[in-house]
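*Asks:* Here is my input, please return the structure:
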Amino acid sequence: MNKERKEILNSIRDYSEEQFDQLIVYLSGGGLVLTIGFVDDVIKFETSTAQWLLLSTWICFTISMITILFSHRSSLRSIDLELLGKDKKSDFWDTITKFFNWFGLLSFILGVILFLIYVMLNM
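*Replies:* Model prediction:
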C-alpha cells in the first residue's frame, strides 16, 4: 500500500471514529430526554412497575455520555504523548481510549434494552 493511500485511509478512519463518539453522545442525550418525556406523557412513573429499570436506563445513558467525554480526554493525552515520542505511554492511553469507547457504547445499548423492558412491562 502506498503512503498516500495509507494517509487517506487513516484520515477516513479518524473521521469515522470522531463521528462515532459524537453519535453515541447524541443518542445517549436524546435517549435521556426522550425517556423522561415519554414517562411523563405516556406512563406515570408513580404507578408504574419496575421503576428501577427506568432509573437504570437514565444512569446508563448518563454514564455513556460521561464515558465518551473521558474518551476524548484520553485520546488527546495519547496524541500528546505520541508527539513527544513516548510511544509506550501513548499506547497505554490509546488502550484506555478504546476501553472508554466500548464502555460508552455498551452503556448506551444496555440503557436502550432496559428502557424497552420497562416499556413492555408497563404498557
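*Asks:* contacting residues for Glu82?
*Replies:* Each residue near Glu82 by CB atoms under 8 Å, 6 or more residues apart in numbering is listed here: Ser90. Every residue, glycine included, has its C-beta placed from N, CA and C.
*Asks:* Retrieve the pLDDT associated with it.
*Replies:* Here, the pLDDT recorded for Glu82 equals 87.
*Asks:* Kindly report the same for Met1.
*Replies:* With respect to pLDDT, Met1 has a value of 66.
*Asks:* repeat for His72
*Replies:* His72 is assigned 89 on the pLDDT scale.
*Asks:* Leaving out the residues flanking it, which one is nearest to Ile59?
*Replies:* Gly111 (7.9 Å; CB to CB, 6 or more residues apart in numbering).
*Asks:* didn't the one you found look like it was pressed against Leu27?
*Replies:* No. Using CB atoms under 8 Å, Gly111 makes no contact with Leu27, being 9.4 Å away.
*Asks:* between the two, which one's more packed in?
*Replies:* Using other CB atoms under 10 Å as the criterion, Gly111 and Leu27 rank with Gly111 on top: 24 against 19.
*Asks:* hey, where'd the helices end up in this structure?
*Replies:* Taking DSSP state H as the test, the helices found in the chain are 3-41, 51-83, 87-122.
*Asks:* Thanks again, I'm all set now.
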